[in-house]
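**Q** Just a sequence and a predicted model for now, questions to come.
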Amino acid sequence: MSPISDLNSVPGNTPIHPDDAAKLIPNLATKKELDEWERQNILEAQRWAFSSRVMFDETWKWAGKYRTRDVSLGCPFHEINGANRDASGRCSVLD
C-alpha cells in the first residue's frame, strides 16, 4: 500500500493544499478541521440571520430586545432569555 492511501485511510485526514491553507484565517491542516470550522461558521451565521433584531429591526422598535409581556405567538416572555423555539414549536434552552 502506498503512503498516500495510508494517509487517506481515516476520513477527513486529507491535508489542505498549501496554497489553500495560506489563504485561510484559522490555522487548519486537514479537510476534517476545515469542514468543522465551516460548520461552526454556518451555525453562527444562522443564529445571526434569524435573530429577531435582524428579522424585525425595520418593523418593531423592540426588535432584538427581550419582551416584557406575552404576545399571541412564541414563548412566554419570562422564558425568552436562553430559550429557543424548536421545530415542533416548543421552547427549548439553548446550548
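**A** It's in. Numbers count the residues shown, from 1 in each chain.
**Q** Please, where are all the helices along this structure?
**A** Along the chain, counting by DSSP state H, helices occupy 3-7, 18-21, 31-49, 52-56.
**Q** Could you list the residues in contact with the longest one?
**A** Same thing as helix 31-49. Contacts to helix 31-49, defined as Cβ atoms under 8 Å, 6 or more residues apart in numbering, come from residues Pro11, Gly12, Asn13, Thr14, Pro15, Ile16, Leu24, Pro26, Leu28, Val54. Backbone N, C-alpha and C define where each C-beta goes, glycine included.
**Q** list the buried ones in that helix?
**A** Lys31, Glu33, Leu34 (16 or more other Cβ atoms under 10 Å).
**Q** what separates the last one from Trp48, distance-wise?
**A** The reference is to Leu34. Taking Cβ to Cβ, to the nearest Å as the measure, Leu34 falls 21 Å from Trp48.
**Q** cool, the second one as well?
**A** Between Glu33 and Trp48 the distance is 23 Å, computed by Cβ to Cβ.
**Q** same thing with the first one?
**A** When Cβ to Cβ is the yardstick, Lys31 and Trp48 sit 26 Å from each other.
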